Structure formats: C-alpha cells, structure tokens
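> Structure for this input, please:
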Amino acid sequence: MCSYKKWGIAFIFFTIALLTGLGAITIVIDPYFHYHAPLDKLQYPINDERYQNDGIVKNFDYDAIITGTSTTENFKTSEFDELFYMHSIKVPFSGATYREINDNLQRAIKANHNIKCVLRGMDAGRLIDGKDNLKYDDLPDYLYDRYFYNDVQYIFNKEILFKDTLEVLKYTESGQVTTRFDDYANWMKNAEFGEEAIKSNYNRSEQAAEMKKMSDEDYEMMYGNVTQNITDLAVANPQIKFYLYWTPYSIYYWDSLNKTGTLEMQIEAQEAATELLLEHENICVFSFFDEYEMICNPDNYLDILHFGEEINSQMLKWICAGEHLLTKDNYEQYYNKIREYYINYDYEGLWE
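Numbering: from 1, shown residues only. Just a heads-up that it's a prediction; the model follows:
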C-alpha cells in the first residue's frame with residue numbers, strides 16, 4: 001500500500017515537473033511576444049494578428065504605429081520610416097471594428113511612452129456602428145490583460161506549444177529570419193486584380209427605391225463610435241500625432257452604395273465624422289476619393305474594397321507631402337465635390 005502511495009506522489013510530482021517544463025519553453029521562446037521581444041538567437045514567424053499584435057505593441061522598439069483593417073496590411077514600414085524619419089511597426093487587424101483597433105492603440109500607448117505618431121486607416125463602412133461592437137467573440141483576452149493567472153491558457157496550451165512555440169525552433173533551424181513588417185500580413189503574392197476578379201466576388205443588389213439620409217439615430221451611433229474609439233485617445237495623448245485617412249474603396253463599392261440607397265448617407269456620415277475629427281489639433285485627416293482615376297481603375301483592386309500595395313505606397317507619399325489633407329476651410333467643399341461625382345456617376349456603364 002505504501003509503495004502505491006509513493007508511486008502516486010511521484011507521478012504527481014513528475015506531472016507537475018513536466019507541465020512546468022513545457023510551460024517554461026513557451027515562456028522562454030514566447031511566440032506571441034507576451035513577455036518579451038524576439039530573442040536574438042531565434043527567428044520568429046509573425047503571421048497571426050490577433051495573437052501577436054498585442055505583444056508587438058507592448059514589447060517591440062518603435063515610435064510610430066501603422067494600424068487599421070486588411071487594407072493596411074500591404075503598407076511597408078520601411079517606406080514609412082524613410083518618409084517620416086521614424087521607426088515604425090505595423091499591426092493590422094483584418095475585419096476589425098473601430099473598438100478593436102482603439103483598444104490595441106490604448107494598450108500600445110500605455111506600454112510605450114515614446115510613441116510620436118499613429119497612421120490609421122478608417123473604414124467609412126464601419127462609421128455607423130455600435131461603439132463597443134467587436135467582430136469576433138473568441139479574441140484571446142488572456143493575452144491582452146495584465147493578469148498572470150489566466151496566462152495558463154497560453155503557457156499550458158498544447159496547440160500553442162506544438163503549432164507556435166516549437167515552430168519558432170523549426171523556423172530558426174530552417175535558416176529563415178524573423179518576419180519583416182514590410183512582409184507581415186501582406187497578401188499581394190496570390191492576389192488577382194482587375195474587373196473580372198472584382199465582379200466574381202461582388203453580388204450586386206437590386207436598386208433601392210430611394211436614397212437614404214442619415215437619421216438622428218445614425219448620427220448618434222457615429223458620434224459615439226468616433227468619440228470613444230478615435231478622438232478620446234487623441235485628447236488623452238496630445239503629444240502623439242494621429243494621421244487618419246479614409247480608406248479609398250473602388251468605384252464598385254460606390255456602386256454597391258448606390259444600389260442599396262446608402263451612398264448619400266455614407267457621405268453625410270463621413271463628412272460629419274470629419275468635422276468631429278478636425279476639432280483636434282493633433283489629428284490630421286486625409287481623403288483620396290477625389291483621385292477618380294485611381295478609384296475607377298479596376299486594375300488597382302481585387303474586390304470592391306481591397307487595393308494593391310502600390311496604392312498603400314502612394315498614400316504614404318501623399319500624406320507625407322500633406323496632399324489630400326482635409327481642413328476646416330476645405331472639407332465642406334471636398335464633400336460637395338465627391339457627392340456630386342459619385343451620386344451622378346454612370347454606374348450602369350460598369351456593367352456594359
């Protein structure tokens with residue numbers, strides 16, 4: 001009986017030691033950068049936005065952030081750094097709401113007091129949205145908070161151990177190098193652009209009976225979204241310059257708004273949001289919807305929303321040069337101009 005008891009105790013201690021050892025491997029290698037930046041002697045694949053971005057903003061060395069949804073994934077930090085004389089990181093969140101992006105920026109600023117600049121893409125299609133809306137319900141919150149006790153979901157996670165932690169060792173052994181931010185999340189390699197590609201992914205709706213206007217409820221939703229998830233952060237951090245721009249969707253996106261009767265409502269929401277943003281001295285707002293040749297060229301797009309990296313590069317140049325900057329003096333004229341253009345555009349001609 002005594003030997004069984006000793007065996008049981010020994011088994012328990014062996015199990016604890018094994019788990020501790022396995023957990024220590026994840027802590028030391030830290031594939032999600034939860035505890036530290038990449039170790040000098042290891043090479044890391046950076047390929048999982050919602051699991052690695054939080055560690056990147058907390059533990060990497062940088063003074064500028066590029067962030068937004070999937071249309072920001074093709075930015076090159078090397079180009080940004082050369083133009084703006086900064087050392088940037090790129091932390092995109094595909095499909096994100098304003099709330100998710102803002103939450104990450106808040107954690108970044110709390111962890112890094114050297115941040116001077118934020119470049120953030122704004123998706124006009126998500127303006128009239130609940131301020132606390134999140135696209136995903138299964139975000140790895142245990143990585144986002146400061147509580148050590150729930151790190152067991154990271155440290156003792158078998159899937160993370162074999163899929164990510166040990167993958168760092170394999171990645172290093174294979175001679176590869178830590179993913180550059182120029183390449184991180186970039187989807188250009190297998191992308192197909194042009195009219196055929198756009199139309200194959202676009203379900204055109206029936207024409208709406210009338211064009212909708214922005215209601216009071218729509219305005220309140222937009223106001224709460226912009227205030228909580230953009231301007232409050234700028235007010236709290238006057239030392240940071242926020243370069244914000246409206247994502248330049250294709251003419252087929254405008255066609256979709258026209259068909260659903262929401263085109264004028266979206267321009268109204270965008271103009272009202274711009275007015276709110278321009279109240280803050282450390283916010284600069286840019287919009288490229290008057291680059292009609294770019295917007296109307298299907299060869300620039302793979303679907304109604306997403307454009308190639310050449311446009312990301314061009315936007316950096318425009319922003320650095322102060323071109324397409326909206327101000328209190330010109331924003332009303334700008335929105336009148338694009339309203340006239342997109343409301344009167346011959347959308348049926350796209351399908352002839």
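> Which stretches in the stretch 251-352 of the chain count as strands?
For the stretch 251-352 of the chain, applying DSSP state E, counting those that start in this stretch gives strands covering 283-287, 325-326.
> so can I have JSON lines of those strands showing mean pLDDT, distance to residue 176 and mean neighbour count?
To be clear about C-beta, it is placed using only N, CA and C from the backbone, and glycine gets the same treatment. Formatted as JSON lines, the strands of the stretch 251-352 of the chain follow (pLDDT from 0 to 100; distance: least, Cβ to Cβ, whole Å; neighbours: other Cβ atoms under 10 Å):
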{"stretch": "strand 283-287", "mean pLDDT": "98", "distance to residue 176": "36", "mean neighbour count": "21"}
{"stretch": "strand 325-326", "mean pLDDT": "98", "distance to residue 176": "40", "mean neighbour count": "20"}
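> Residue 339: which of the ones you listed is closest?
Counting by Cβ to Cβ, residue 339 lies closest to strand 283-287 out of these; the figure is 12.4 Å.
> Identify the residue spatially nearest to residue 34, adjacent ones excluded.
Leaving aside its chain neighbours, residue 34 sits nearest to residue 55 (5.0 Å; criterion: Cβ to Cβ, 6 or more residues apart in numbering).
> just checking, the one you found touches residue 33?
Yes. Residue 55 lies in contact with residue 33 (Cβ atoms under 8 Å); the separation is 2.9 Å.
> quick one: contacts for residue 116?
By Cβ atoms under 8 Å, 6 or more residues apart in numbering, the residues touching residue 116 are 63-64, 86, 239-241.
> What pLDDT does the model give it?
We have a pLDDT of 98 for residue 116.
> coming back round to it: looking at the strands of the stretch 251-352 of the chain, which is nearest to residue 341?
Across those, closest to residue 341 is strand 283-287 (Cβ to Cβ), at 12.7 Å.
> roughly how far is that closest one from the heart of the chain?
17 Å (Cα atoms, centre = their mean, to the nearest Å).
> Equivalent analysis for stretch 121-133, please.
Taking mean C-alpha positions (Cα atoms, centre = their mean), stretch 121-133 and its chain are 12 Å apart.
> What helix or strand is residue 243 located in?
In this structure, residue 243 is located in strand 241-246 according to DSSP states H and E.
> So what are the sheet partners of that strand and their directions?
strand 117-122 (parallel), strand 283-287 (parallel) (DSSP bridges).
> Please tabulate those in CSV and include distance to residue 303 as additional columns.
Output for the strands paired with strand 241-246, formatted as CSV (distance: least, Cβ to Cβ, whole Å):
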stretch, distance to residue 303
strand 117-122, 16
strand 283-287, 21
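> Which one of these lies nearest to residue 316?
The nearest among the strands paired with strand 241-246, by Cβ to Cβ, is strand 117-122 at 8.1 Å.
> Can you give the contact residues for the closest one?
Against strand 117-122 from outside (Cβ under 8 Å, 6+ apart): 63-69, 71-72, 75, 80, 84, 86, 88, 98, 101, 105, 230, 240-247, 273, 319.
> re earlier: now the two most distant members of the contacts of residue 116.
Of all pairs drawn from these, the greatest distance, 14.1 Å, lies between 86 and 239 (Cβ to Cβ).
> These two: who's more crowded?
Using other Cβ atoms under 10 Å as the criterion, residue 86 and residue 239 rank with residue 86 on top: 17 against 9.
> Tell me which residues touch the more buried one, please.
63-64, 80, 116-117.
> can you pull up the bridge partners for the residue nearest to it when sequence neighbours are not counted?
Computed as Cβ to Cβ, 6+ apart, the closest residue to residue 86 that is not its neighbour in sequence is residue 64, at 4.1 Å. Beta bridges link residue 64 to residue 88, residue 117, judged by DSSP bridges.
> Quick one, grab the pLDDT at residue 64.
Looking at residue 64, its pLDDT reads 98.
> got it, and residue 25?
Value listed for residue 25 in the pLDDT field: 88.
> That one touches residue 158, doesn't it?
No. Assessed by Cβ under 8 Å, residue 25 is found out of contact with residue 158, at 11.9 Å.
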